[in-house]
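Enquirer: Just a sequence and a predicted model for now, questions to come.
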Amino acid sequence: MTRRFTKFAALAISAFAMLAGCAMSDDQAARFLVAPDKYTLYSCDEIARETQTKVAREHELQQLMAKAGNDSGGRLIGDIAYRPDYITVHGELNDLRQTAIAKKCAGAAAAAPASDGAVH
């Protein structure tokens with residue numbers, strides 16, 4: 001039930017962002033989808049592993065959205081299909097970065113370079 005609600009909420013936020021003329025950035029939308037301090041209990045090694053996984057997933061989603069097409073129809077389909085997951089992963093990466101910095105983990109924050117939220 002929670003997973004269904006999360007996906008619905010992500011879809012609703014994506015639709016709202018599109019209707020608002022992209023006035024809401026990915027970082028702002030991610031605040032609604034990612035639990036704050038989700039990674040607080042992770043060790044530095046766990047943070048590093050999770051960061052690598054999330055970076056790979058973020059790149060995969062960026063490629064899928066780019067592949068969906070450059071015309072408005074393809075972009076709409078790509079946004080509906082992939083944007084909610086992309087926003088969630090982007091927010092989780094931000095949380096991982098902040099946790100790594102707070103815990104003073106060596107290399108964990110550097111493993112996830114801050115992205116600009118733009119999909120290439």
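Expert: Yes, it's here.
Enquirer: same question for the longest helix belonging to the chain, mean pLDDT?
Expert: In the chain, taking DSSP state H as the definition, the longest helix is helix 72-103. Average pLDDT, helix 72-103: 88.
Enquirer: all helices of this structure, in order?
Expert: Under DSSP H, the chain gives helices at 2-19, 26-33, 44-67, 72-103.
Enquirer: Next, the angle helix 72-103 makes with the third one.
Expert: For helix 44-67 against helix 72-103, the angle by axes from the mean of the first three to the mean of the last three CA atoms, to 10 degrees is 170 degrees.
Enquirer: Buried residues in helix 44-67, which are they?
Expert: Neighbour counts over helix 44-67 (16 or more other CB atoms under 10 Å) mark I47, A48, E50, T51, K54, V55, R57, E58, L61, Q62, M65 as buried. Bear in mind the C-beta positions are built from the backbone N, C-alpha and C, glycine included.
Enquirer: list the contacts for the fifth one?
Expert: Pointing back at K54 there. V89, E92, L93, L96, A112 (CB atoms under 8 Å, 6 or more residues apart in numbering).
Enquirer: In a markdown table: these, plus distance to I77 and neighbour count.
Expert: As requested, those are exported to a markdown table (distance: CB to CB, whole Å; neighbours: other CB atoms under 10 Å):
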| residue | distance to I77 | neighbour count |
| --- | --- | --- |
| V89 | 19 | 24 |
| E92 | 24 | 23 |
| L93 | 24 | 23 |
| L96 | 29 | 26 |
| A112 | 28 | 21 |
